[in-house]
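In: What would the 3D arrangement of this be:
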Amino acid sequence: MLATNVSRQTITQADFKALIACRAEGLIRTAGYLRLHGQADSPVMTRPLLGELLLHSTQLEELLDAYGASNNRRWRHFRACMAAIKRFSGAAYELLHIQHACEAYRLLEIDEDFIAAADGAMAFTSDVILTAAERVLQEAEKLGLPGPERIPPPGTYDESLPPGKLPNDLAARKAASVRETVTHLATAFLALAAESELLHVVARTDEADYASCVPNPVHEGALRQIRHQFHNMQSQYDTFVSETKAEGLDADLPVLRGHISIVFHLLRVATAFAHYYERHINGRSARSRGQRQALVDPKRLLGTLMRFAITFASHYLAAGQDLCQAMLKRYAKVGRVSLPVPRYRGFHVRPSTLVAKIVLHYGSEVRMILEGQEYDASSPLEIFRANEKINAQKRRWLAMEIGRLSPVNGQSAGTDLRATAEEILRTLARQDRLVIYEQPLQWPDEPVRCDGTMLQRIVEEVARLQAVGKIDIHADLNIQFVGDSRVLDDIKLLADNGYGEDNSGNNIPLPKKLTYLRRKI
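Out: Just a heads-up that it's a prediction; the model follows:
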């Protein structure tokens, strides 16, 4: 048993060689088949062959690791061959799945030729497998392991698949309504897309800068996490949507499933490549212990990882986002909600940007309405423009409050003006109707030039303080949003959380549902 062998005692080379000779027979036989019948431009890489390689290399890698082969001068190169065969056989299996399933996924068109790129990735992966298989045979000979006795004949691993499918003769299952199904899936896809910005970062990166992306932001852990989430979404679709009446009533649902799946499978390829690059090319063991001769060209591996696996995942993710936004528009329920204006300086940069991000995230049309004026809520500049009316309303309210609190109505000496104005401001601040950001309050050097009454001059002085941001007014002002009710729900949640800031304009955490607004790499 393996558990009894993992101990501090040392196994003899003879005993270990006998163990490996027995367990490596299948892999060496398959490697011999590749030496005789495998060429980079031949269709030898089939799923039966790759499954055989993956099975044997996985078992041998586990056995070699249990005995510490990576730290043994005699066996570490053989162990390195297992890592290459295991990772690249798995990646090639995924690539073959993509090539076979691509038509069934009904993928939306993108600008680049995905089929040609997949063929290129498969050619590179096949080259690595053939090189690693040959290296296995060479290492086996050096280690004194028996060579392949019976090499399978040509065509042993061919995969001849007849066309067609079995008849779909099961009744469609019941599921939630089409509207509920679409909105749930599309909203979940958009949320996951927001968490997958890493993919778009790579797609925007020049090839010359690929190496600088590893390990930040590109690393195996990050890719695996995103892959896991897409796998969950695919599983949920297959459990609750596949073969239901809802799926048959909206032709876009299977298309969405195809985009979920293609991103998932591309991320499986990306994870395998990233693991090998980090562990066996950039890792400590690769730098300090090296292989006799590199099994994998680092530049080709990095290029295939970035330019193919991650970049095409980004392209199909973006296409899926557009599809989801279009689906949500079809099933949108138009609503109206009245929300308070942000307390800190109204719709300045931060709240305007966050509201626009919500609208753009869903892709729905939402209008913001103030005093009969409509603004496009997907544009931060449009929202920011509403501050003109908001500030005008605040000034009118402030003038009324100053008139109510001012002890003077006629002309008065300018020497009392600012003291009177400051007392009014502090009274309003104590009533939480106004905030003073500067303590002590510093007035402009030049007094206001106004020939009106003292009340008018106080109003002008205070308006100057508001204009330069030394004070702000907590007027009870509301603004209306009209559009897709799902979008309005998120905008309301944002408003309930101060539009992302406290009363002094400091950044505050957002609830979990809105974390997509501040997703960063």
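
In: Only C-alpha atoms from now on, for both contacts and neighbour counts.
Out: Noted.

In: Show me where the protein dips below the pLDDT cut-off.
Out: 1-7, 40-42, 283-292, 407-416, 448-452, 519-521 (pLDDT under 70).

In: Per the annotation, how does it divide into domains?
Out: If you go by automatic domain parsing, the domain ranges for the chain are 1-157, 173-331, 334-521.

In: how long is the second one end to end?
Out: In other words, domain 173-331. Using C-alpha to C-alpha, to the nearest Å, the span of domain 173-331 from its first residue to its last is 22 Å.

In: that older thread, just name the most buried of the domains of the chain.
Out: The highest average neighbour count among the domains of the chain, using mean count of other C-alpha atoms under 10 Å, belongs to domain 173-331 at a mean of 18.

In: circling back to that earlier point, now the domains of the chain as CSV including distance to P163?
Out: Below are the domains of the chain laid out as CSV (distance: least, C-alpha to C-alpha, whole Å):
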stretch, distance to P163
domain 1-157, 12
domain 173-331, 20
domain 334-521, 40
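
In: out of the ones you listed, nearest to G164?
Out: domain 1-157 (11.9 Å; C-alpha to C-alpha).

In: in what helix or strand does A92 lie?
Out: helix 76-105 (DSSP states H and E).

In: so how far is that helix from its chain's centroid?
Out: Relative to the chain's own centre, helix 76-105 is displaced by 24 Å; criterion: C-alpha atoms, centre = their mean, to the nearest Å.

In: Which elements pack onto that helix?
Out: helix 47-66, helix 114-143, helix 252-276 (3 or more C-alpha pairs under 8 Å, 6 or more residues apart in numbering; DSSP states H and E).

In: outside of the shortest one, which residues touch it?
Out: Spelled out, it's helix 47-66. Applying C-alpha atoms under 8 Å, 6 or more residues apart in numbering, the external contacts of helix 47-66 come out as 2, 5-6, 20, 23-24, 26-27, 30, 70, 79, 82-83, 85-86, 89-90, 92-93, 96, 157-159.

In: same thing but at 7 Å, please
Out: With C-alpha atoms under 7 Å, 6 or more residues apart in numbering as the test, helix 47-66 has contacts from 6, 24, 26-27, 79, 82-83, 85-86, 89-90, 93, 157.

In: out of those, who's nearest L405?
Out: Using C-alpha to C-alpha, the contacts of helix 47-66 come closest to L405 at G90, 77.8 Å.

In: So for that closest one, what's the nearest residue that isn't a sequence neighbour?
Out: Nearest in space to G90, with sequence neighbours left out and distances taken as C-alpha to C-alpha, 6 or more residues apart in numbering, is L54 at 6.4 Å.

In: which residues sit in contact with L301?
Out: Counted by C-alpha under 7 Å, 6+ apart, L301 has contacts F273.

In: what helix or strand is it on?
Out: Per DSSP H and E: L301 is located in helix 298-303.

In: Equivalent analysis for A399, please.
Out: Per DSSP H and E, the secondary structure element for A399 is helix 387-405.

In: chain center to that helix, what's the gap?
Out: Using C-alpha atoms, centre = their mean, the offset of helix 387-405 from its chain centre is 45 Å.

In: Nearest residue to the middle of this protein?
Out: Nearest to the geometric centre of the chain sits S196, at 0.6 Å (C-alpha atoms, centre = their mean).

In: Just give the nearest non-adjacent residue to that residue, would you?
Out: S196 sits nearest to I226 (C-alpha to C-alpha, 6+ apart), 6.5 Å away.

In: So that neighbour lies in a helix, does it not?
Out: Yes - under DSSP: H, G, I helix; E, B strand; the rest coil, I226 sits within a helix.

In: Could you list every helix and strand that the host helix or strand of L493 packs against?
Out: Following DSSP H and E, one finds L493 within helix 485-496. If contacts are counted by 3 or more C-alpha pairs under 7 Å, 6 or more residues apart in numbering; DSSP states H and E, helix 485-496 sits against strand 334-340, helix 349-362.

In: Now tabulate the ones you listed in CSV and tack on distance to I260.
Out: Below are these laid out as CSV (distance: least, C-alpha to C-alpha, whole Å):
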stretch, distance to I260
strand 334-340, 28
helix 349-362, 17
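
In: Looking at the ones you listed, which is nearest to T420?
Out: strand 334-340 (30.7 Å).

In: name the helices or strands packed onto the closest one?
Out: Partner elements for strand 334-340 (3+ C-alpha pairs under 7 Å, 6+ apart): strand 478-484, helix 485-496.

In: could I get that strand in CSV with only the CA atoms?
Out: Coordinates of each C-alpha in strand 334-340 appear next as CSV, following Å, rounded to 0.1, in the frame of the first residue of the first chain:
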residue,chain,number,x,y,z
VAL,A,334,-40.5,48.8,-16.6
GLY,A,335,-40.8,50.4,-13.2
ARG,A,336,-40.3,53.7,-11.5
VAL,A,337,-38.6,54.5,-8.2
SER,A,338,-38.1,57.8,-6.3
LEU,A,339,-34.8,57.9,-4.5
PRO,A,340,-33.0,60.6,-2.4
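
In: quick one: contacts of that strand?
Out: Against strand 334-340 from outside (C-alpha under 7 Å, 6+ apart): 477-485, 488, 492, 495.

In: Name the nearest of those residues relative to I262.
Out: Scanning the contacts of strand 334-340 for proximity to I262, where the rule is C-alpha to C-alpha, the winner is D484, at 29.2 Å.

In: ok, the residue nearest to that closest one when sequence neighbours are not counted to V366 distance?
Out: Among residues not flanking D484 along the chain, V334 sits closest, at 4.7 Å (C-alpha to C-alpha, 6+ apart). Using C-alpha to C-alpha, V334 is found at 9 Å from V366.

In: With A123 instead?
Out: Relative to V366, and taking C-alpha to C-alpha, A123 is found at 48 Å.

In: same check, this time on L19
Out: For L19 relative to V366 (C-alpha to C-alpha), the value is 69 Å.

In: related to what we said a few turns ago, out of the helices and strands packed on strand 334-340, which comes closest to H100?
Out: Comparing those by C-alpha to C-alpha, helix 485-496 comes nearest, at 37.5 Å.

In: what's the angle between that closest one and strand 478-484?
Out: 150 degrees (axes from the mean of the first three to the mean of the last three C-alpha atoms, to 10 degrees).

In: C-alpha coordinates for helix 485-496, PDB please?
Out: The C-alpha trace of helix 485-496 is given here as PDB (Å, rounded to 0.1, in the frame of the first residue of the first chain):
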ATOM      1  CA  SER A 485     -37.100  47.100 -12.600                       C
ATOM      2  CA  ARG A 486     -34.100  44.800 -12.000                       C
ATOM      3  CA  VAL A 487     -31.800  47.700 -12.700                       C
ATOM      4  CA  LEU A 488     -33.800  49.900 -10.400                       C
ATOM      5  CA  ASP A 489     -33.500  47.400  -7.600                       C
ATOM      6  CA  ASP A 490     -29.700  47.700  -7.800                       C
ATOM      7  CA  ILE A 491     -29.900  51.500  -8.000                       C
ATOM      8  CA  LYS A 492     -32.200  51.600  -4.900                       C
ATOM      9  CA  LEU A 493     -29.800  49.300  -3.100                       C
ATOM     10  CA  LEU A 494     -26.900  51.700  -4.000                       C
ATOM     11  CA  ALA A 495     -29.000  54.600  -2.700                       C
ATOM     12  CA  ASP A 496     -29.800  52.700   0.500                       C
END
